[in-house]
Each structure stands twice: as C-alpha cells, then as structure tokens.
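Undergrad: what follows is a predicted structure for the sequence shown.
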Amino acid sequence: DAKTTQPNSMESNEEEPVHLPCNHSTISGTDYIHWYRQLPSQGPEYVIHGLTSNVNNRMASLAIAEDRKSSTLILHRATLRDAAVYYCILRDRGGTASKLTFGTGTRLQVTL
Amino acid sequence: DTAVSQTPKYLVTQMGNDKSIKCEQNLGHDTMYWYKQDSKKFLKIMFSYNNKELIINETVPNRFSPKSPDKAHLNLHINSLELGDSAVYFCASSQNGLAGGNQETQYFGPGTRLLVL
C-alpha cells in the first residue's frame, strides 16, 4: 500500500470545524482513500472513503485534491466525542486480500 | 446487538501459558481479521480469513494460530505466551476482503487487552 503522511496532532475548539490533512503523493490510480478513527480504549471505526470526487456522509466530508496527492477529512462541528486518533489509509481497489495498513495517524484534541 | 464481539475483554496471564481469544461477527460478512496494537499504539494486521480460508498471514511467530470454525467466528490461540505478546488484539470483519471498493470497509471489535506477567 502507498504511504500517507499526517500531522501527529491537532487541536480544535468544540463546535468549530476541523480540517485533518493527509498527504499521499505516491497514490496510484486505483487507490481508494479511507479514513478510520480510534476513540480512546475502543477499536478503530470507519469514517469515510473516496476515490476521486469529494464525499459526504453523516460523520464527515472528504475533500480530495484534483491531483489526488492529498486529501482532507472535514468534521463540520467538532464535539468532545470526536477526540480520537484519525488514520488516513490507501487501499488498492484492484488488490488481492484487503488489509488496512495503519500509520501513526493524527491525534485530535477537542477542547471546550 | 454488538456487530463484532470479542471475549475476553481483559486477559492477564503468566509467561509460558497458552491462551485463546474468541471473536464473533453477526454481520454476515465473509472476511475476518486479527490486528495487534502494541504499547506504542501501532496497529498491525496479523491474519485474515475469507470463508474459513486463510488469505493473509503476516510475519507472526508460529506460536500464534488462528482458527475459523465458520465464517462468523475467528479465534486466536497463542502458545507459550511471552512478555512481548502484551498488547491489545482487535478482531475485525468486512463483507468480502477479496473484493474492492465499498466492500472493503472493516468493522472492528472492542479489543482484548492481554497482559503477560
């Protein structure tokens, strides 16, 4: 799987939007961009994924750069419950067995 | 209803013992996984089964042996436990790990915290 680069940590105030960046300059044409998050003492949780177009779901939005070398996970209004480690992962659509290769992720702190 | 469940939640044992961790998913998925998260919080895949067949076997000591009696269950047996096996073990499942696209979303269990003394 191609490599991703994320900031180690970010801080946000509650009720503010949060933009979590991810660089993936070696992304290939068939790689999907997946985001997972891990809340304290819990298993990872799927957030969103996309290929080329921007994506929205009830949890977040995913903005993908036109050249696909970077993407941004957007939490529209951060809450204390969004404090977690966020992982940006590339998955090859045409690959064999599916496995998630987790990096170090971005630890998001949300304060009042 | 819990989608992916693991037992036990906590496991404290002595070095040299043999222990098992169980995982069950009620999502009707074909593929299940075991991941290990060490003390530095790195999360790495260990094994994956698709319809009871092993499809991913990462570099893991052969003291670790997964077993899938049916596609809803994937158990992990660990022989001769060592201090370095202390970690959190997560089970996960996906609809079909051999397919692409949306089917690759993985659903994780709550984890089993293993402490080897």
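TA: Good, I have the coordinates.
Undergrad: beta partners for whatever residue of chain B ends up closest to chain A?
TA: Closest contact between chain B and chain A, by Cβ to the nearest Cβ, is at B:Phe108 (3.2 Å). Using the backbone N, CA and C atoms, a C-beta is placed for each residue, glycine as well. Here B:Phe108 sits in beta bridges with B:Ala92, going by DSSP bridges.
Undergrad: was I right about it contacting A:Arg37?
TA: No: taking contacts as Cβ atoms under 8 Å, B:Phe108 lies outside contact range of A:Arg37: 10.8 Å.
Undergrad: need the overlap of contacts for those two.
TA: Common neighbours of B:Phe108 and A:Arg37, using Cβ atoms under 8 Å, 6 or more residues apart in numbering or on different chains, are A:Pro44, A:Glu45.
Undergrad: neighbouring strands for the helix or strand of chain B with the lowest mean pLDDT, and are they parallel or not?
TA: Least confident helix or strand, chain B: strand B:53-57 with a mean of 88, by mean pLDDT, DSSP states H and E. Each strand paired with strand B:53-57, and its direction, by DSSP bridges: strand B:43-50 (antiparallel).
Undergrad: how about the strand it pairs with: buried residues?
TA: B:Leu43, B:Lys44, B:Ile45, B:Met46, B:Phe47, B:Ser48, B:Tyr49, B:Asn50 (16 or more other Cβ atoms under 10 Å in any protein chain shown).
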